[in-house]
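>>> Structure for this input, please:
(chains A and B)
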Amino acid sequence: MHSVSRSDVEDFLFAEADLLDRWRLPEWLTLFTDDAKYEVPCTDLPPDASPDSSLFYIADDRIRLGERVKRLMKRTAHAEFPHSKTSRIVGNVRIRARTDQEMEVSCVFHTLRTKDGTTDLYFGTSNYRLTTNGEDFLIREKRCLLGSEGLRPHGRISIVL
Amino acid sequence: MNADNAQPALLVDPAQRIFKVARRNFVDPEIYEAEKERIFDRCWLYLGHSSELPKPGDFISRVVAGRSILFTRDSKGQLRALMNTCPHRGAQVCRERKGNAKSFQCFYHGWVFGSDGKLRSQPGEDSYPEGFKDRETSNMQAAPRFETYRDFNFVSFDRNIIPLVDYLAGAREYLDVICDQTDAGMSIVAGSQEYSIRANWKLLTENSIDGYHAATTHASYFDILMNTTDNLSTGRMGGFGHDLGNGHAVLEYGAPWGRPVAQWIPGWGEAGKSEIGRQYDKLLERFGKERADRIALMNRNLFIFPNLVVNDIMALTVRTYFPMAPDYMVINAWALAPNDETSWARKYRLNNFLEFLGPGGFATPDDAEALEHCQRGFKNSKEAQWNDISKGMGKDKPSYNDELQMRAFWTQWNRQMFPTPIPQIKGVAA
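Residues are numbered from 1 along each chain as shown, chains lettered A, B, ... in the order given. Sure, this is the predicted structure:
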């Protein structure tokens, strides 16, 4: 992946944010590899903590991520019914490392979520491991490190960060 | 207090099987203020688990009922709960969340305290009389009461409260059942879930011991469980709710999910089968079949009045919560696990935990949504005044999905809030 430019990566991350803002979650899921991970550690853990030995907020493998998407598209996912409105800003995109097959990318996210008259801010850094299927980027790992102290006042991560 | 002059908080008539709770209890600022004094200043409140401070000098700063508490293990290894305020001019002495320190220095004027809270030195000592450092008033104050049961540490701001073991009443036996999962002790796993719900704290008390809501509130979680039959056990189902005295209550029941100690599900494979089998055999050897089955196969949602929940379900969680306003609470939750479990078991335990529990899981966000919508519904409390928690009243053995547990909580709450019943209104709980 040596020929990839930062703006290529930015285009991809902006498109991902757009799918999430428009609640096109099944389509968003196709951005992930079969061995993908999506993780949100608790905010008092070191950034490289392992969900095998520490308590996270979210530690999905590809199967559970699929269940998360299916769930969020149902009326019975009460916390997101009716769906909240979100607006994601992705910035400070940097390519941290790269090999032939993989890239490590970091960015800052600011996500606003509005539901039932209340607007909350989720912010932090997302670390990605990206690979490619020859044409498009695929996400092998997405770890969102919340910048807040705990999850207050919003209290939950019912959307995808 | 105006809270006393109002309408009754509860309407109870056992003969008619009526048990109603005034919705005002969830919204009225005067009730909220009265709760600070009559509930949170008069109970044992969970501070933390001994395993969180493994070494001398370890410390955690934590807020309990609005107080800033410094929880330390001093140089001799003794646990301490110190009021985190400088005896000199009041500044918070420790401003870090956790760590290890030989001493704490207040940054305002530089007074230095040991991890036992005793004053070690202060700048300009020659301007103080001889023996100043030996005065008790020169030290950081200890919490008025601090006691421990099986590594669960509690503080109370009521000097005259009964001993913790007596306060726990029937909850003590259930804590024993939970702690007996292992003979190697238990530890809090790294990582604290620190979240909030925009609802009254008592709604989370009710929700934590509510076996009635699962089928509807958590329909989407059970869909996932049923989609993957590998994740289902064929063990026993159903169970009962119990009033444990002093406002404590528990549900004890069988459920289809896997339990790290010790109910195997096919999704855990052969490696899991031998690990879970090993756990079960150890229990069998220590306790015999009846108690081993109870520890291994039954689930417990244990509530300790007024704000501690220990859920021994698909994982083991400790959760405590405090009101910040009538319609806002903060919650801290941790995973608890046996010290002697394998890395395989630890991984599956945490995996199990996250599927259901916590603010990023498939269930807790929907609980929060339900509670917040109750709080919104209570805006109608002048017109629509009462909650009904009569389900299962009059039964000899109320089911785990009846509402006995909530009645136990509310009866104690009412007893502490309104020790003298309002005489002119018939049917008010004493």
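>>> Name the residues of stretch B:320-327 that are buried.
Along stretch B:320-327, these residues count as buried under the neighbour rule (16 or more other Cβ atoms under 10 Å in any protein chain shown): B:Thr320, B:Tyr321, B:Phe322, B:Pro323, B:Met324, B:Pro326, B:Asp327. Just so you know, the C-beta spots here come from the backbone N, C-alpha and C atoms, and that holds for glycine as well.
>>> I meant stretch A:108-122, not that one.
Of the residues in stretch A:108-122, those with enough neighbours to count as buried (16+ other Cβ under 10 Å) are A:Phe109, A:Thr111, A:Leu112, A:Arg113, A:Lys115, A:Asp120, A:Tyr122.
>>> before we move on, back to that, put together TSV for the buried residues of stretch B:320-327, with distance to B:His218, pLDDT and secondary structure on each row.
As requested, the buried residues of stretch B:320-327 are exported to TSV (distance: Cβ to Cβ, whole Å; pLDDT from 0 to 100; DSSP: H, G, I helix; E, B strand; the rest coil):
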residue	distance to B:His218	pLDDT	secondary structure
B:Thr320	22	98	strand
B:Tyr321	20	98	strand
B:Phe322	25	98	strand
B:Pro323	25	98	strand
B:Met324	27	97	strand
B:Pro326	27	98	coil
B:Asp327	24	97	coil
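>>> near chain A, from the residues you listed?
Applying Cβ under 8 Å from any Cβ of the partner chain to those, one finds that nothing falls near chain A.
>>> Between the residues you listed, which sits nearest chain A?
Using Cβ to the nearest Cβ, B:Met324 is the member of the buried residues of stretch B:320-327 that sits closest to chain A, with 9.2 Å.
>>> For the closest residue to chain A within the stretch 1-150 of chain B, which non-adjacent residue is spatially closest?
With distances taken as Cβ to the nearest Cβ, the stretch 1-150 of chain B approaches chain A most closely at B:Arg97, which sits 6.8 Å away. The shortest distance from B:Arg97 to any non-neighbouring residue, by Cβ to Cβ, 6 or more residues apart in numbering or on different chains, is to B:Ser61 (6.0 Å).
>>> Now the helix or strand hosting that neighbour: buried residues?
Secondary structure assigned from DSSP states H and E places B:Ser61 in strand B:58-64. Residues B:Asp58, B:Phe59, B:Ile60, B:Ser61, B:Arg62, B:Val64 are the ones in strand B:58-64 that count as buried (16+ other Cβ under 10 Å).
>>> start to end distance for stretch B:307-323?
Stretch B:307-323 has an end-to-end distance of 10 Å (Cα to Cα, to the nearest Å).
>>> Flag every buried residue along it.
Applying a neighbour-count criterion of 16+ other Cβ under 10 Å, the buried positions in stretch B:307-323 are B:307-323.
>>> Sort out for me which of those are in strands.
In strands, judged by DSSP state E, the following of the buried residues of stretch B:307-323 are found: B:308-312, B:316-323.
>>> thinking again about what came up before, please flag which of the buried residues of stretch A:108-122 sit within helices.
Among the buried residues of stretch A:108-122, no member is found in helices (DSSP state H).
>>> Pull the most distant pair out of those.
With distances taken as Cβ to Cβ, the most widely separated pair in the buried residues of stretch A:108-122 is A:Phe109 and A:Lys115, at 18.6 Å.
>>> Output the contacting helices and strands for the longest helix along chain A.
Of all segments of type helix in chain A, defined using DSSP H, the longest is helix A:6-21. Contact partners of helix A:6-21 among helices and strands, from 3 or more Cβ pairs under 8 Å, 6 or more residues apart in numbering or on different chains; DSSP states H and E: helix A:25-29, strand A:85-98, strand A:103-115, strand A:118-132, strand A:137-146.
>>> gap between that helix and the chain center?
Centroid displacement of helix A:6-21 relative to its chain, using Cα atoms, centre = their mean, to the nearest Å, is 11 Å.
>>> now do stretch A:116-125
On Cα atoms, centre = their mean, the centre of stretch A:116-125 falls 15 Å from that of its chain.
>>> what's next to that stretch, contact-wise?
A:106-114, A:144-148, A:153-154, A:157, A:159, A:161, B:198, B:372, B:376 (Cβ atoms under 8 Å, 6 or more residues apart in numbering or on different chains).
>>> same deal with stretch A:35-46?
A:32, A:47, A:49, A:51, A:54-62, A:65, A:68, A:138-146, A:148-151, A:157, A:160-161, B:97-98, B:190-194, B:360.
>>> So which bits of that stretch are buried?
Of all the residues in stretch A:35-46, those buried under the rule 16+ other Cβ under 10 Å are A:Ala36, A:Lys37, A:Tyr38, A:Glu39, A:Val40, A:Pro41, A:Cys42, A:Thr43, A:Asp44, A:Leu45.
>>> does the fifth one have beta-bridge partners, and which?
Right, A:Val40. Counting by DSSP bridges, A:Val40 is bridged to A:Ile58.
>>> now it: how far from B:Gln141?
Distance check for A:Val40 against B:Gln141: by Cβ to Cβ, to the nearest Å, it reads 39 Å.
>>> and if you look at the second one?
Using Cβ to Cβ, one gets 47 Å for the distance from A:Lys37 to B:Gln141.
>>> do the same with the fourth one
Spatial separation of A:Glu39 from B:Gln141 under the definition Cβ to Cβ is 42 Å.
>>> on that earlier part again, summarise which helices and strands the strand holding B:Ser61 is packed against.
Here strand B:58-64 touches strand B:45-49, strand B:67-73, strand B:98-100, going by 3+ Cβ pairs under 8 Å, 6+ apart.
>>> In TSV: those strands, plus mean pLDDT and mean neighbour count.
Compiled in TSV, those are given as follows (pLDDT from 0 to 100; neighbours: other Cβ atoms under 10 Å in any protein chain shown):
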stretch	mean pLDDT	mean neighbour count
strand B:45-49	98	22
strand B:67-73	98	23
strand B:98-100	97	13
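>>> Tell me which of those sits nearest to B:Val165.
Each of the helices and strands packed on strand B:58-64 was scored for nearness to B:Val165 using Cβ to Cβ, and the closest is strand B:45-49 (14.7 Å).
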